[in-house]
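A.B. asks: Output the structure for:
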Amino acid sequence: MTPIIQALANYSASDLARWHTPGHKGRASLPYLLPEFDVTEVRDLTPKSVGGDVIRQSEDLMAETFGASRSRYSVQGATLPVMAAILAATTPYSRVVVDRIAHQSVHSALVLGNLEPIWAYPSLGPGGYLLPVDDKERAQLIMRSQPEAVIVTSPTYEGLSSPLTETRKVCQEMNIALIVDEAHGTHFAEHQGFPQDALSQGADLVCHGAHKTEQSLTQTGLLHININVLPQLAKRVDELWDMLATSSPSYLLLASLDYLQYIRHQEQYHRQWVNFAVGMREMWKTWEAQGLFILQSWWERHEGGQADPAKVTVVGDGHKLFEAIEPFGVEEKSDPAGISLIVTPQDDPAILNRALKQCAGTMPHRNPLTEFARFWPQSSQALLPYQAWKAKREWVPLSSAINRIAAKPVIPYPPGIPLVALGELINRDVILWLEENHEWYRRGTGDLKGLESAIEGSSPQRGEEGLWVVKEPAS
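C.D. replies: Prediction:
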C-alpha cells in the first residue's frame, strides 16, 4: 500500500480549484522539478562555511531582490527562520514582547530559549477574527516591559496588516531587535497594492514562508537580515541556523527557491502581482454588491488598515459557506464564522467568481458584524512556557481543567495559533470555546492539537476528552 501517494492521486483527480497553499496551485510550470535534480551535497553543490558556493550565490541574488543584506534559504518552512531569529536575538531568562497572534513556531522558540513572553494582545474583528496588534499600544508595552527583543506577526493569518512605525521607533531607541514573522507576506515587497513589507519598514530580521503564495514548493522559507543589523547579531543568526537546520537539505527545495529569486528579477513577475491586486479589489466590490461581507475590504475601507488582496475571508455562516464552495474548490481555512481563501495569479478568476456567487446565496439579511460574532479566549500566564513544558503533568477531563495550568498547548489548525499556550491558565472561556468549536476542527480540513482522549489505564471513561495540565502537588 502507498496511502500518501493514493491520497495525492485522489485529490489531484478531483480537479478542484486550490484556494490554499502552495502559491503555484499545481498550475504553474516548475522547470526544476526533475528526478535527476534530487541529489545531495556533492562536487559543486557542496555548501562551504566560508561562502562562495552556489547556495550562497543564489541567496545573495535573493537578498538583492528584497533589499536585504543577507537572505537564508530554509527547507523547513518559516519555522526555521522564526526559531533562528528569536534565539539569535535573545538570551535565556530574558523578556520578549510577543504578539499573541503568533504561530506555534514562535511559541516553540519561547520554550527552547527559556524566554518570558510579554503578550501584546489583538482586538477581535467581525466573526471573531484576530486583528493586527495596535502599533501604538505595542510600543507602549515595549517601553514599560523593557524586553530584549520584540516579535511581531504581520500580516495576520487573514492577511490584515498595520504599520510598524511606533514599534520600530522604540526598538531603535532601546537598541533591541525587531523580528517580524511575515510568513504570509513574501509577495509584498516591491508591489503596489499590497501591505508595506517589514524590511522596508526597518525590521531587523524578517521570516517568510515562501511557499504560501509564491511559485515555490511546500516547505520552502526565507530569513532576511536587514542592512542595519549589527554584525554580531548576523553572526549569531548563522550559528543558530547551523544548529537548527538539517544538514541534508533537499536540492529540489533549494532549486525551488533559486527559481523564485530568478523570477523576482523579471519585470513580468512584478507586473503580474500588481495587476492581480487591482483585479482582486475590483472583485471585492462585485462580491460585496452581491451581498458578501469581505473581511479584507472591511479592514481597509472601515478601519484604515492594509489588507493582502491574495486573501479572501467571507464572514457568514461557515457551515453554509463551506457547502456552497465545496463543489468548486478547497479552501485554506473554514470555521463556524466564515471561510478564508488564498488566491494568487495562478488561480482561475472565473471559477472563483462562480464559487463566490454561490456563497452569496447563503448570506442572511442581518448584519454579519453581529450575526456571526465569535470570541477568542484570553488567558493569563501562570508559568513561563519552559517551566510548564518541563513540569510534571497529568491528563484531566475537560470539565476538570478549569483554573489549571496548561502543560501542552491547545492549537486549532489552521491557523496554528495556540488557543492556550504553555503555562497559561485554562479559564472558563477556553472550555466554552472548545465545547463549541472542537467538532468543527475535526473535519476534513483541520485539526485540534492538545485536546485528547483519556489514555489507557486512566480513571475517566475511555474516550472522554481532556487536556494535559501541570500536576499539582499532593495535599
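A.B. asks: What residues of the helix or strand where residue 64 lies count as buried?
C.D. replies: Per DSSP states H and E, residue 64 falls inside helix 54-66. Within helix 54-66, the residues that count as buried by 16 or more other C-beta atoms under 10 Å are 55, 56, 58, 59, 62, 63, 65, 66. Where you see a C-beta, it was placed from the backbone N, CA and C, and this is true even at glycine.
A.B. asks: any idea how far residue 448 lies from residue 222?
C.D. replies: From residue 448 across to residue 222, the span is 29 Å (C-beta to C-beta, to the nearest Å).
A.B. asks: Show me which of the two is the more surrounded one.
C.D. replies: Neighbours were counted for residue 448 and for residue 222 using other C-beta atoms under 10 Å; residue 222 has more, 29 against 19.
A.B. asks: what's the neighbour count on the closest residue to the more buried one other than its chain neighbours?
C.D. replies: If the residues on either side of it in the chain are set aside, residue 222 comes closest to residue 208, at 4.1 Å by C-beta to C-beta, 6 or more residues apart in numbering. Neighbours of residue 208 under the rule other C-beta under 10 Å: 33.
A.B. asks: go on, residue 158?
C.D. replies: 25.
A.B. asks: State the distance from it to residue 239.
C.D. replies: Taken as C-beta to C-beta, the span from residue 158 to residue 239 is 35 Å.
A.B. asks: where are the low-confidence patches of this protein?
C.D. replies: Residue ranges of the chain with pLDDT under 70: 365-373, 444, 455-463, 474-475.
A.B. asks: so where does residue 277 fall, helix or strand?
C.D. replies: helix 267-289.
A.B. asks: Now that helix: buried residues?
C.D. replies: For helix 267-289, the neighbour count (16+ other C-beta under 10 Å) marks 269, 270, 273, 276, 277, 280, 281, 283, 284, 287 as buried.
A.B. asks: Now that the last one has come up, it's in contact with residue 360, right?
C.D. replies: Yes: when contacts are counted by C-beta atoms under 8 Å, residue 287 is listed as touching residue 360 (7.0 Å).
A.B. asks: What sits closest to residue 161 if chain neighbours are left out?
C.D. replies: residue 195 (3.7 Å).
A.B. asks: And for the one you found, the neighbour number?
C.D. replies: 24.
A.B. asks: Distance check, it against residue 140.
C.D. replies: Residue 195 is 23 Å from residue 140, by C-beta to C-beta.
A.B. asks: List the contacts of the nearest residue to residue 443 once chain neighbours are set aside.
C.D. replies: In space, and not counting its chain neighbours, residue 443 is closest to residue 334: 7.8 Å by C-beta to C-beta, 6+ apart. Counting by C-beta atoms under 8 Å, 6 or more residues apart in numbering, residue 334 touches 318, 321, 322, 340, 440, 443, 445, 446.
A.B. asks: Residue 334 belongs to a helix?
C.D. replies: No: under DSSP: H, G, I helix; E, B strand; the rest coil, residue 334 sits outside any helix and is assigned strand.
A.B. asks: Pull up the gap between it and residue 340, please.
C.D. replies: For residue 334, the distance to residue 340 - C-beta to C-beta - is 7 Å.
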